[in-house]
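[1] got a predicted model here, sequence first, then my questions.
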Amino acid sequence: MNTNTPTKDQIYEVIDHLRPDQLAQLWDYVNRIAEKPVAPLYQVHEQAISTGITDLAAQHDHYLYGQDKHDV
């Protein structure tokens with residue numbers, strides 16, 4: 001076990017002091033990771049936000065680096 005890895009007793013101690021809303025969030029998280037292990041890269045879409053930019057994929061160099069837009 002890694003020296004930074006908490007023991008079960010330490011985890012239980014923290015859980016005992018969580019508010020009900022925090023327990024609900026923890027429960028949701030535990031259920032998600034228990035369903036099937038998935039590499040974080042495959043979960044990146046969960047962090048997606050709507051930018052309103054319809055050509056972001058095609059013109060990413062323009063938006064990231066300020067290059068001129070090119071015809072698609």
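    Noted; the coordinates are in hand. Numbering: from 1, shown residues only.

[2] and the gap between residue 53 and residue 25?
    31 Å (CB to CB, to the nearest Å). To be clear about C-beta, it is placed using only N, CA and C from the backbone, and glycine gets the same treatment.

[3] whoops, I mixed them up, residue 32
    11 Å.

[4] got phi/psi on the residue nearest the centre of the chain?
    Among the residues of the chain, residue 47 comes closest to the average C-alpha position under CA atoms, centre = their mean, at 5.7 Å. Torsion angles at residue 47 (phi, psi; degrees, to the nearest 10) stand at phi -100, psi 0.

[5] one more: residue 63?
    Dihedral pair for residue 63: phi -80, psi -30, per degrees, to the nearest 10.

[6] give me the nearest residue to it, chain neighbours excluded.
    Among residues not flanking residue 63 along the chain, residue 56 sits closest, at 6.2 Å (CB to CB, 6 or more residues apart in numbering).

[7] so is that neighbour in a helix, a strand, or just coil?
    For residue 56, the assignment made with DSSP: H, G, I helix; E, B strand; the rest coil gives coil.

[8] isn't it up against residue 69?
    No - using CB atoms under 8 Å, residue 56 is not in contact with residue 69, being 11.5 Å away.

[9] what sits up against the top helix by length along the chain?
    The single longest helix within the chain, with elements called by DSSP state H, is helix 20-35. With CB atoms under 8 Å, 6 or more residues apart in numbering as the test, helix 20-35 has contacts from 15, 18.
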